[in-house]
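1. Structure here, sequence nowhere to be found:
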């Protein structure tokens, strides 16, 4: 049986939608489960706070859910829009945008479960700090969503860019690489950002008077943690918007695909590592407020060193794009 | 959904090259400047020991942001850069909020705006580094821990500009794409106001603060 390009585009759109929603749901489910578990722990410790803990659990889970909603939006667009398939590139584009948001939603989903869980537990330990815990949790979870927003951006950029003028041979690999770079690259930073926000909520429960310092340190830690996800987005955008000369050889195509994979996978480790650095720093600022200056400086230096492997990945993937 | 990817450009030939101006971000930036100027004028119009409502808001901004600068840069340099901190934060916050008004767009949605501000922060940080530490000690920071780490340290410094500007651009652009697509899918029923409140007001404020704080931190890393 011989299928024409329209059929292949449908196949790619459906499998992309399936992967987007399937992968996108896993991380969020893990995060929400963690939140609910911590909420149960909190209620067991302090049953009087059950009502408040239940409410803040639902709010936290609702924010954590937004990563899955991004995946759902892309899946819906893939399922119900009629894309005109003019070449083989469209087939790869549809598939790539699906896996991009699918992978991208995993990290943010897991990550934003941590602050919500710690906030629920913190309310049980320190009922007076409930209001500042909820505010801190909302800010932390909102910043956790940033990596998945980056993945969503690449997804939509893939769907709505016009590739009809581009040569098929290396461009198909470039669009697949773009999806992989910013999708997989978002996993680590999402989880890492969650570790920081979780530590900050725990710290607020321990020393409620330090809340503004803790929120500030949390934002700084999360911002630095997201750096590797931003490298993923950058490589994704270069792969998307640079025009590559046509070639019959498979070598340039594989180089572009490899550069996407390199940046994507290379960004996972630094994201989680920097997150755990910043998480510990924020945790100990809550316990030792006087040394916050030294701790923050150490945190930035430690994160910079942890990030160097992410920079190696960025250098190699840029070499793969521009030199090979 | 054709609103995505529409761009008005003014192209002026200049010395044999084409100079491209993106009209919308420029226009929107001017609106933000005007709003800040009007706010500043109204806030100090009736100065008094018992402050008016706008004066309270203005004092709150100036006080909090000056403290932020002084805390991380020290008394002397912090005081010098407090006005920059206030101006940067207020510009970014109003820029990110502008998108919630129909027919107006965030100037930060165009990569050029955050990139320009990021490069500005980069130049200030390195200028202050050379001025405070001296050229020799400034250069020696690149050869730590071992001399052959120099190229990677250099890329690391340049990557800071990329990361700070793409973070702002990505959040604002991503937010506005989500609002556009979800509004299209739900025929603009119920959801868009909440999305605007979340991505425009909440995320916009957080990202403006993050950008401002990172600019100060980059300066303080160079100075210390």
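-> That came in fine, so what should we check first? Being a predicted model, the structure only gives us computed values, none of them experimental. Numbering: from 1, shown residues only, chains lettered A, B, ... in the order given.
2. Please count neighbours and contacts with C-alpha atoms only from this point.
-> Fine.
3. on contacts alone, who are the packing partners of the helix or strand where residue B:61 lies?
-> Assigned by DSSP states H and E, residue B:61 belongs to helix B:53-73. Packing contacts for helix B:53-73, counted by 3 or more Cα pairs under 8 Å, 6 or more residues apart in numbering or on different chains; DSSP states H and E, involve helix B:23-45, helix B:75-98, helix B:204-223.
4. Out of those helices, which one sits most buried?
-> Ranked by mean neighbour count under mean count of other Cα atoms under 10 Å in any protein chain shown, the helices and strands packed on helix B:53-73 are led by helix B:204-223, which reaches a mean of 22.
5. Against which helices or strands is it packed?
-> If you count contacts as 3+ Cα pairs under 8 Å, 6+ apart, helix B:204-223 packs onto helix A:211-225, helix B:53-73, helix B:75-98, helix B:112-133, helix B:150-185.
6. Reformat the ones you listed as a markdown table; add distance to residue A:28 and mean pLDDT.
-> Output for those, formatted as a markdown table (distance: least, Cα to Cα, whole Å; pLDDT from 0 to 100):
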| stretch | distance to residue A:28 | mean pLDDT |
| --- | --- | --- |
| helix A:211-225 | 19 | 90 |
| helix B:53-73 | 35 | 86 |
| helix B:75-98 | 28 | 90 |
| helix B:112-133 | 31 | 91 |
| helix B:150-185 | 19 | 86 |
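7. So for residue A:293, which of these sits nearest?
-> Between residue A:293 and the helices and strands packed on helix B:204-223, the tightest spacing by Cα to Cα is seen for helix B:53-73, at 8.1 Å.
8. what's next to the closest one, contact-wise?
-> By Cα atoms under 8 Å, 6 or more residues apart in numbering or on different chains, the residues outside helix B:53-73 that reach it are B:39-40, B:42-44, B:47, B:76-79, B:81-83, B:85-86, B:213, B:216-217, B:219-220, B:223.
9. Tell me which residues of that helix come out buried.
-> Buried residues in helix B:53-73, counted by 16 or more other Cα atoms under 10 Å in any protein chain shown: B:54-55, B:58, B:61-62, B:65-70, B:72-73.
10. what angle do that helix and helix B:204-223 make?
-> 30 degrees (axes from the mean of the first three to the mean of the last three Cα atoms, to 10 degrees).
11. Taking helix B:23-45 as reference, get the angle to helix B:53-73.
-> Using the same axes, to 10 degrees: helix B:53-73 against helix B:23-45 is 110 degrees.
12. residues in contact with whichever residue of chain B sits closest to chain A?
-> Residue of chain B nearest chain A, by Cα to the nearest Cα: residue B:174 (5.3 Å). Residues counted as contacts of residue B:174 (Cα under 8 Å, 6+ apart) are A:149-150, A:152-153.
13. Which one, of the helices and strands packed on helix B:53-73, ends up nearest to residue A:36?
-> Comparing the helices and strands packed on helix B:53-73 under Cα to Cα, the one sitting nearest is helix B:204-223, at 26.6 Å.
14. Give me the residues contacting the closest one.
-> A:139, A:143, A:219-220, A:223, B:68-69, B:72-73, B:85, B:88-89, B:92-93, B:96-97, B:118, B:121-122, B:124-126, B:128-129, B:132-133, B:138, B:164, B:168, B:171-172.
15. Report the distance from it to the chain centre.
-> 9 Å (Cα atoms, centre = their mean, to the nearest Å).
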